[in-house]
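Visitor: Next input, structure requested:
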Amino acid sequence: MGAYARWIDAWERKLATRDTNRIVRDFEWGCEWFPNIQLNGDPGAALLEHFEQSRAHSDRFFTGDTPTDYRLIDQHLTFTSALPSPYPENNRVHADLFPARNDHGRAVLVLPQWNAGADGHHGLCRLLNRFGITALRMSLAYHDRRMPPELQRADYHVSSNIARTVHASRQSVIDARSCLDWLEAQGYRRLGIVGTSLGSCVAFITAAHDPRITTGVFNHVSMYFSDVVWTGLSTQHVRRGLEAQVTQDELRRFWAVISPASYMDRMTDSKLKSLLIWGRYDTSFLPVFSRQVIESFRCRKLPHRVFTLPCGHYTTGQFPFNWMDGLAICLFVRKNL
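Guide: Below you'll find the predicted structure:
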């Protein structure tokens, strides 16, 4: 490891250890999150069978009824999630609208990273406005204003509860599609999506199931949801809750239903133009996993561009890398949307 790589790695680890409220939670199968599961005495086998069927019928799995209670007040959009959870706060979806002048019917849905605050990615949305693009920034399930009172972090979106993690990603995808329904109803016909980290995974699955999206930016990429959780610096507390009960390979099978790898082939006939962004020194989305995504796009000859950041995961949010990242996103969207 050279001097520059060591410097980035030290900076990355310093940023990653600022939070002291990470909790190692007990392992749970969480079968109650999918009441239709037929339990046969083996909750793991029952969940795996259900998730494999859900993946085979993913159009149905990631589709919900269009909400009927959209409300826009002072550029703040709310509506009821089409996929309810036991938490009232989480069932109220929040999104912030950043309208651009002369956007020519172009709008992007922006999905921030795991544990982003309520103002996360507002800067990116304003930058998109400068490029003539309207942005709608949605809070993922269990994040910021959707967080149940017992939480300090968005632990219920990514946790050692197998089924709840699947339910949370499913809910975020369905909520994202509801945001697209609203944008379309406002007259936007050229729709894109931008997702970062966890938001990147949600954005990819949304784009794979919604043909209205013609431009996608996936900021930090991995084929499998579970590989990031198992190996990433930011999720080692989640792994500790998992590893006594499941292996990395087993977890990959359970969470395949919420992984981009499962839906790559859906992109073959898609008109989606994609920008894949990865960090050369990423300690959360390891470069080996990002390269797998890039190779998968290349093998399938999917329309895409690749942008490599000379930093890690947490350092992407630091100057000058945040400006490099933001400008790459905006230039790509302006050109392709």
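
Visitor: CA atoms for contacts and neighbours, from now on please.
Guide: Will do.

Visitor: secondary structure class for the spatially most central residue of the chain?
Guide: By Cα atoms, centre = their mean, the chain has its centre lying nearest to Gly199, at 2.2 Å. Under DSSP: H, G, I helix; E, B strand; the rest coil, Gly199 falls in the helix class.

Visitor: Distance check, it against Phe51.
Guide: Gly199 is 21 Å from Phe51, where distance means Cα to Cα, to the nearest Å.

Visitor: Could you do Phe218 as well?
Guide: In terms of Cα to Cα, Phe218 sits 24 Å off from Phe51.

Visitor: Tell me the helix or strand right after whichever strand or helix holds Leu97.
Guide: Using DSSP states H and E, Leu97 sits in strand 92-98. Heading C-terminal from strand 92-98, the first helix or strand you meet, by DSSP H and E, is strand 106-111.

Visitor: Settle this for me: Pro84 is touching Asn91, isn't it.
Guide: Yes. Pro84 is within contact range of Asn91, at 5.7 Å (criterion: Cα atoms under 8 Å).

Visitor: Among these two, which residue is more densely surrounded?
Guide: Neighbour count, other Cα atoms under 10 Å: between Pro84 and Asn91, Asn91 has more, with 21 against 14.

Visitor: got a list of what the more buried one touches?
Guide: Each residue near Asn91 by Cα atoms under 8 Å, 6 or more residues apart in numbering is listed here: Thr80, Ser81, Leu83, Pro84, Ser85, Arg146.

Visitor: picking that back up, now for the strand holding Leu97, which elements pack on it?
Guide: strand 76-80, helix 122-130, strand 134-138 (3 or more Cα pairs under 8 Å, 6 or more residues apart in numbering; DSSP states H and E).

Visitor: count of neighbours near Leu127?
Guide: The number of residues packed near Leu127 is 20, by other Cα under 10 Å.

Visitor: show me the contacts for it.
Guide: By Cα under 8 Å, 6+ apart, the contact set of Leu127 is Gly326, Cys330.

Visitor: on that earlier part again, list only those of the contacts of Asn91 flagged as buried.
Guide: Buried members of the contacts of Asn91, counted by 16 or more other Cα atoms under 10 Å: Thr80, Ser81, Leu83, Ser85, Arg146.
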